[in-house]
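Undergrad: Below are the sequence and a predicted model; questions follow.
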Amino acid sequence: MIVDTHCHLDDVRYDEDLDAVIERAREAGVEKFIVPGADPDTLSKAVKIAESYDNVYFAVGVHPYDARRYDRKPLERYLSHEKCVAVGECGLDYYRLPESEVKIAEEKRIQKEVFVDQIALAREAAKPLIVHIREASADSLSLLEAHASERGGVLHCYNADATLLTLAKRNFYYGIGGVLTFKNARKLVNVYPQIPKERLLIETDAPYLTPHPYRGKRNEPAYCRFVAEKMAELSQCDIMKIAEITRENTRRLFDI
């Protein structure tokens, strides 16, 4: 059985068929799901979904794209919920920065401040982090090394930057998703063998980053099996071994 450690089941694209999506995932061998907090407007929805399904959990966090809307209070409200397993998704994303140097500096400053506060929130609550990093490896690494607790976390949708592998020694895990199956994923394919097996997690980031052969369509947790198959191929083992390894890693990090 596989755990999808990162799927946005609170996305509007699942509003009409969430029951069917979860059932298809179960049939495909996916036993548990973690819905990361990303959008302040849908956090309560993620909580309700977790309360409605025994095998769905959630995290509280604000995505760097929404850093200017960050409010710590709603996150604190849900931290003690029995289904809350982490803080995130939080982090840094420099992919879409303003053109002006002054505005770029301001955007980076805000993202860093919000990220550091969510790292502190995780430390205070003794929960792991779910970290989003896009074109911001150096700053992310610096902040995590300076502020993250020994509880660690997961680098969601690991971006194949080998410099981030040093975080494995600080109890960070690496979320592997559909990108691994892409034909142009050479960098991730090459770095994958360097990731300690005891630090591997499976995720879909559904409804985004749909794996081959369904790339271009809505992603869903059932497609974890395509990620697991590719991981098994690269690890030169069978898919059941990958399921066993990642399930144990999930239990160790998120305590589920």
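TA: Thanks, I have the structure now.

Undergrad: distance between the helix or strand harbouring Ser44 and the chain's centre?
TA: Element membership for Ser44, per DSSP states H and E: helix 43-52. Computed by C-alpha atoms, centre = their mean, to the nearest Å, the separation of helix 43-52 from the middle of its chain amounts to 17 Å.

Undergrad: Could you do stretch 22-39 as well?
TA: Here stretch 22-39 shows a centroid-to-chain-centroid distance of 13 Å under the convention C-alpha atoms, centre = their mean.

Undergrad: Give me the buried positions along it.
TA: Within stretch 22-39, the residues that qualify as buried are Ile22, Ala25, Ala28, Val30, Lys32, Phe33, Ile34, Val35, Pro36, Gly37, Ala38, Asp39, counting by 16 or more other C-beta atoms under 10 Å. For every residue, glycine as well, the C-beta is placed using N, CA and C.

Undergrad: one step back: dump the helix holding Ser44 to CSV, restricted to CA.
TA: This file holds the C-alpha atoms of helix 43-52, laid out as CSV (Å, rounded to 0.1, in the frame of the first residue of the first chain):
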residue,chain,number,x,y,z
LEU,A,43,-7.8,25.5,4.6
SER,A,44,-11.1,25.0,6.3
LYS,A,45,-12.2,22.9,3.4
ALA,A,46,-9.1,20.7,3.7
VAL,A,47,-9.9,20.2,7.4
LYS,A,48,-13.5,19.2,6.6
ILE,A,49,-12.3,16.6,4.0
ALA,A,50,-9.9,15.1,6.6
GLU,A,51,-12.7,14.9,9.1
SER,A,52,-14.9,13.2,6.5
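
Undergrad: I would like the residues contacting it, please.
TA: Residues from elsewhere that reach helix 43-52 (C-beta atoms under 8 Å, 6 or more residues apart in numbering): 9-10, 18, 35-37, 56-58, 60, 74-75, 78, 81, 83.

Undergrad: try it again with 7 Å
TA: Residues external to helix 43-52 that are found in contact with it (C-beta atoms under 7 Å, 6 or more residues apart in numbering): Leu9, Asp10, Val35, Gly37, Val56, Tyr57, Phe58, Val60, Pro74, Tyr78, His81, Lys83.

Undergrad: which ones are touching the fifth one?
TA: With contacts defined as C-beta under 7 Å, 6+ apart, the neighbours of Val56 are Leu9, Phe33, Val35, Ile49, Ala50.
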